[in-house]
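>>> Provided below for reference: sequence and predicted model.
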Protein chains: 2
Amino acid sequence: MTTSAEAGQGTPSGYRILNEADLRNHLAGTPAVAARLGGPAERWSITEVGDGNLNLVFIVKGSSGGLAVKQALPYVRLVGESWPLPLSRAHFEHLALTHQGRLAPGLVPAIVHHDHALALTAMELLEPHIIMRKGLVAGTIYPAFVDHITTFMARTLFFSSDLALSAAEKKEAIASFAGNHALCKITEDLIFTDPYRIAEQNRWTTPWLDAAAADIRADLDLHVAISRLKLKFLSSAETLIHGDLHTGSIMVTDAETKVIDPEFGFYGPMGFDVGAVLANLLMAYFASAGHEQSPGDRAAFESWVLSTVDQVWSEFARKFVALWRSEATGDAYPSSLFPGEAGAARLERERQVYVARLFQDAVGFAAAKIIRRILGLAHNIDFELIEDTRLRATCEARALRLARTLMVETASFTSIEAVTKAARELRHWQPGFD
Amino acid sequence: MTTSAEAGQGTPSGYRILNEADLRNHLAGTPAVAARLGGPAERWSITEVGDGNLNLVFIVKGSSGGLAVKQALPYVRLVGESWPLPLSRAHFEHLALTHQGRLAPGLVPAIVHHDHALALTAMELLEPHIIMRKGLVAGTIYPAFVDHITTFMARTLFFSSDLALSAAEKKEAIASFAGNHALCKITEDLIFTDPYRIAEQNRWTTPWLDAAAADIRADLDLHVAISRLKLKFLSSAETLIHGDLHTGSIMVTDAETKVIDPEFGFYGPMGFDVGAVLANLLMAYFASAGHEQSPGDRAAFESWVLSTVDQVWSEFARKFVALWRSEATGDAYPSSLFPGEAGAARLERERQVYVARLFQDAVGFAAAKIIRRILGLAHNIDFELIEDTRLRATCEARALRLARTLMVETASFTSIEAVTKAARELRHWQPGFD
């Protein structure tokens, strides 16, 4: 086992940032890769396509197949060398991806090659998949998404938790991801702190949202709520979470769903992943009004999105509880304490209490994920592609308003339908910008 | 840094169980130790006194000073080689003790020497201190105890938490104790599981408590409650806890208090330590009736014990909150989110909410610690020294009854005074054994 400390924070010797020629040589020297690509290495097409914030991403195609090759840079790509970020994230991403591939086969890209020193991973090329967020902006409906994402979440969150692992296995697993704290720190700052205070990197759709941003920076009830969520993120080692499960980390076709980019993975609260999916669907819903060509032309899409929110939660909860019934090999809730029919019935009631608590966490984290995308550093194209800034701000203000309520009045939302109802009621709300 | 994995679970090469002559040679070869003991090594008196369950403990005295020397055995001393237990616990104990010594100076024994290979630690000899539990059985009042134990708990629990540490520091600290899972497993089994089911190692004061034990094995509401507490123990990485903070792990004089034996230390829930202290005081209270020479002759002691329970909680909470006000260098509850007078006031209210939640945890864990001492493997002399088994069972039944209520109706106890009131009301309750 590579321990967290060995995985290290420094630059491994042998690391260099690869240009196209370097990459071609490296891949040509890796038989599994060369075989998969096919044909002579000098004929492979190599294109750097990274549009993410952190890494280099190359698409490599040969005569018989293609690969996506991701190399971590020792700094945040979006910002440059002034914001260093450890290469060890490639190690943790590889560890998480391997783990998820075992638990949720077919729902993450297959790994073809990993080079620790180069902080490089070559994966199956996902074609013709697109980033789900782009599809949602275009108003595309993904009929298989609910089933796939809920299987991914239920299985990865359940099988890495105390419900499935022995305490010893889980403690070792926690330790193996403990070194990924630089990536966690990004979340801690950009999601749980900066949007609620003056911070240089914050931005929002100005001038329309100036007042809303100021309100949120002055809203002490909200600050208490986000601080409780942050504490949960810091101290609740429930399971191995993806840690960045937004619709930009999901690639889709009509029939397939692949979760990518688990470099933020660590042992944290389950609700963070579930909340991320719910939040990004809710943002797609609110952004939809900004992408209409004519009033109401995306009504079917919007209806699908909200029904997807409902189903993501309900199907996730159903699958999670089903796994708990049949695969409870962990040290938590020992079956010997719930014998017979009466015991089984009591444990079943407790499972419902457990998922109700998890739902509360997911609602709170969903709210946090919405607020950070509107007032923090990293925005998303759902809103950003709405060119009319007043219209964009209107969409964003609706999402913000929902998020504030979800975070401060979490306990009043006792079902996912209450969340989607609140969203629907805000669909035509006009914020008073004037 | 020695990582959890390096600290390992195997037997380090160089380990051997020391007899008196081996120990004399080893200590004589350690200049700091030899200087402290004074005089020729062959004149040192060495006595093995270990009356604990796990280790060898030697008292070594020379012409100028004394030491307590603790060596871990590769098995549970109480049971023998059939129950192996990793020597790495000596490493974790040394790590925890060093850490506690820094955070709570004077409240733990000073370490004079540690030998990793031998799983051996030499500490200052505590004289004329006695194990607090023995003093409580004798009806001794310890006027300085509240101040000392609350300082110990407030400082160790606060300064290892997210309120004092950066997230990166805390994750590394979690990892450094993750390897101590064999000791955690003892707690998980003996406290959180076995007393609630048929288990070979369980024992209780029979026949008097047979019915009570059976009731607890059939009490599904209680099983849900203990399972929630177990899950918290497994997944709530709040701070470095002592992990075994009963009155047998505390040595006292009138004026001094020293916390020993942190070999169960790991990152767990704060309430586990606080609950352990409360539980053991409550058991001393209920056991007291069994140690009367004449009715009421321990009334002053009993009154002191209950008032100590009140004060242990209230002083702990006061000191913990005071540290949070003045020493909040951690990543949780960032001060920038609570600016100005209004922010300070709102954060102060949240601190009270935080300790109220911690109180609930402590009440639940206290109940768990009581039940395990009456129905599980490890009992305590508070009850065991009551020779009249019917009288002992009466005392135990009162404690059990309180514990059941504390665990299942935790939320109804909103103050420590409610807990001590409930205890006082049970002082003369006669269980219906006939």
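All right, it came through fine.

>>> drop to CA atoms for contacts and neighbour counts, all remaining ones
Noted.

>>> helix or strand for the residue in the stretch 151-300 of chain A that chain B sits nearest to, just tell me which one.
Closest contact between the stretch 151-300 of chain A and chain B, by CA to the nearest CA, is at residue A:175 (4.4 Å). Here residue A:175, judged by DSSP states H and E, is contained in helix A:167-177.

>>> next helix or strand past that helix?
Assigned by DSSP H and E, the successor of helix A:167-177 is helix A:181-190.

>>> who are the packing partners of that following helix?
In terms of contacts (3 or more CA pairs under 8 Å, 6 or more residues apart in numbering or on different chains; DSSP states H and E), helix A:181-190 is packed against helix B:167-177.

>>> how far off helix A:181-190 does the helix it packs on point, in degrees?
With axes from the mean of the first three to the mean of the last three CA atoms, to 10 degrees as the basis, helix B:167-177 and helix A:181-190 are set at 140 degrees to each other.

>>> keeping just the C-alphas, turn the helix holding residue A:175 into PDB.
What follows is helix A:167-177, C-alpha atoms only, in PDB (Å, rounded to 0.1, in the frame of the first residue of the first chain):
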ATOM      1  CA  ALA A 167     -13.400  -0.500  11.100                       C
ATOM      2  CA  ALA A 168      -9.800  -1.600  10.400                       C
ATOM      3  CA  GLU A 169     -10.300  -1.500   6.600                       C
ATOM      4  CA  LYS A 170     -12.000   1.800   6.800                       C
ATOM      5  CA  LYS A 171      -9.300   3.400   9.000                       C
ATOM      6  CA  GLU A 172      -6.600   2.300   6.600                       C
ATOM      7  CA  ALA A 173      -8.700   3.700   3.700                       C
ATOM      8  CA  ILE A 174      -9.100   7.000   5.400                       C
ATOM      9  CA  ALA A 175      -5.300   7.200   6.000                       C
ATOM     10  CA  SER A 176      -4.600   6.400   2.300                       C
ATOM     11  CA  PHE A 177      -6.500   9.500   1.200                       C
END
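
>>> where does the stretch 1-150 of chain A have low pLDDT?
Where the stretch 1-150 of chain A drops to pLDDT under 70, the residues are A:1-12, A:52.

>>> where along it do the helices fall?
A:4-7, A:20-28, A:31-37, A:88-103, A:132-137, A:145-159 (DSSP state H, counting those that start in this stretch).

>>> picking that back up, does the residue of the stretch 151-300 of chain A closest to chain B touch residue B:174 like I think?
Yes. The criterion here is CA atoms under 8 Å, and residue A:175 meets it with residue B:174 at 7.1 Å.

>>> neighbour-wise, which of these two wins?
More crowded of residue A:175 and residue B:174, by other CA atoms under 10 Å in any protein chain shown: residue A:175, with 28 against 25.

>>> how about the helices of the stretch 1-150 of chain A in CSV, adding mean neighbour count and distance to chain B?
Shown next, in CSV, are the helices of the stretch 1-150 of chain A (neighbours: other CA atoms under 10 Å in any protein chain shown; distance: least, CA to the nearest CA, whole Å):
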stretch, mean neighbour count, distance to chain B
helix A:4-7, 20, 7
helix A:20-28, 16, 33
helix A:31-37, 16, 32
helix A:88-103, 22, 14
helix A:132-137, 20, 31
helix A:145-159, 23, 13
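
>>> so which of these is nearest residue B:273?
helix A:4-7 (27.9 Å; CA to CA).

>>> returning to what we had before: setting the sequence-adjacent residues aside, check what's closest to the residue of the stretch 151-300 of chain A closest to chain B.
In space, and not counting its chain neighbours, residue A:175 is closest to residue B:175: 4.4 Å by CA to CA, 6 or more residues apart in numbering or on different chains.

>>> care to break chain A down by domain?
For chain A, automatic domain parsing gives the domain ranges A:4-10+A:28-124, A:130-426.

>>> distance to residue B:51 added to those domains, as CSV?
Shown next, in CSV, are these (distance: least, CA to CA, whole Å):
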stretch, distance to residue B:51
domain A:4-10+A:28-124, 38
domain A:130-426, 28
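
>>> pick the most deeply packed of those domains.
domain A:130-426 (a mean of 21; mean count of other CA atoms under 10 Å in any protein chain shown).

>>> mind listing what residue A:196 touches?
A:216, A:217, A:218, A:223, B:337 (CA atoms under 8 Å, 6 or more residues apart in numbering or on different chains).

>>> hmm, back to that, could you redo the helices of the stretch 1-150 of chain A as a markdown table and give each row distance to residue B:406?
Shown next, in a markdown table, are the helices of the stretch 1-150 of chain A (distance: least, CA to CA, whole Å):
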| stretch | distance to residue B:406 |
| --- | --- |
| helix A:4-7 | 40 |
| helix A:20-28 | 63 |
| helix A:31-37 | 61 |
| helix A:88-103 | 39 |
| helix A:132-137 | 50 |
| helix A:145-159 | 30 |
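
>>> of the ones you listed, which is nearest residue A:237?
helix A:145-159 (11.4 Å).

>>> now do the phi/psi pair for the most centrally placed residue in chain A.
Residue closest to the mean C-alpha point of chain A, counted by CA atoms, centre = their mean, is residue A:245 at 1.0 Å. Note on residue A:245: backbone dihedrals following degrees, to the nearest 10 are phi -90, psi 60.

>>> can you tell me which residues contact it?
A:259, A:262, A:273, A:276, A:277.

>>> A helix includes the fourth one, no?
The one in question is residue A:276. Yes. The assignment for residue A:276 by DSSP: H, G, I helix; E, B strand; the rest coil puts it in a helix.

>>> how near is it to residue B:19?
Relative to residue B:19, residue A:276 is positioned 60 Å away (CA to CA, to the nearest Å).

>>> picking that back up, contacting residues around the helix holding residue A:175?
By CA under 8 Å, 6+ apart, the list of residues contacting helix A:167-177 reads A:2-4, A:92, A:160-162, A:237, A:240, A:265-267, A:330-331, B:4, B:174-176, B:178-179, B:181-182, B:185, B:234.

>>> which ones are touching residue A:257?
Counted by CA under 8 Å, 6+ apart, residue A:257 has contacts A:107, A:108, A:144, A:145, A:148, A:149, A:250, A:251.

>>> quick check: residue A:398 touching residue A:432?
No. Look at residue A:398 against residue A:432 with CA under 8 Å: they stay out of range, at 11.3 Å.

>>> between the contacts of residue A:257, which sits nearest residue A:380?
Using CA to CA, the contacts of residue A:257 come closest to residue A:380 at residue A:250, 13.8 Å.

>>> give me phi/psi at the closest one?
Torsion angles, degrees, to the nearest 10, at residue A:250: phi -130, psi 130.

>>> surely it meets residue A:256?
No. Counting by CA under 8 Å, residue A:250 sits too far from residue A:256 to count as a contact (10.2 Å).

>>> biggest helix in chain A by residues?
In chain A, with assignment by DSSP state H, the single longest helix is helix A:340-375.

>>> mind giving me the packing neighbours of that helix?
Using 3+ CA pairs under 8 Å, 6+ apart, helix A:340-375 sits against helix A:220-235, helix A:270-288, helix A:299-326, helix A:389-408, helix B:220-235.

>>> how about those in JSON lines, adding mean pLDDT and distance to residue B:69?
Listed next are those as JSON lines, based on pLDDT from 0 to 100; distance: least, CA to CA, whole Å:
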{"stretch": "helix A:220-235", "mean pLDDT": "98", "distance to residue B:69": "35"}
{"stretch": "helix A:270-288", "mean pLDDT": "98", "distance to residue B:69": "44"}
{"stretch": "helix A:299-326", "mean pLDDT": "98", "distance to residue B:69": "47"}
{"stretch": "helix A:389-408", "mean pLDDT": "98", "distance to residue B:69": "54"}
{"stretch": "helix B:220-235", "mean pLDDT": "98", "distance to residue B:69": "30"}
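
>>> could you dump the ones you listed into a markdown table with distance to residue A:116 added?
Output for the helices and strands packed on helix A:340-375, formatted as a markdown table (distance: least, CA to CA, whole Å):
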| stretch | distance to residue A:116 |
| --- | --- |
| helix A:220-235 | 27 |
| helix A:270-288 | 27 |
| helix A:299-326 | 34 |
| helix A:389-408 | 40 |
| helix B:220-235 | 30 |
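
>>> verify the stated contact: residue A:106 with residue A:260.
No. If you go by CA under 8 Å, residue A:106 and residue A:260 don't touch, sitting 11.6 Å apart.
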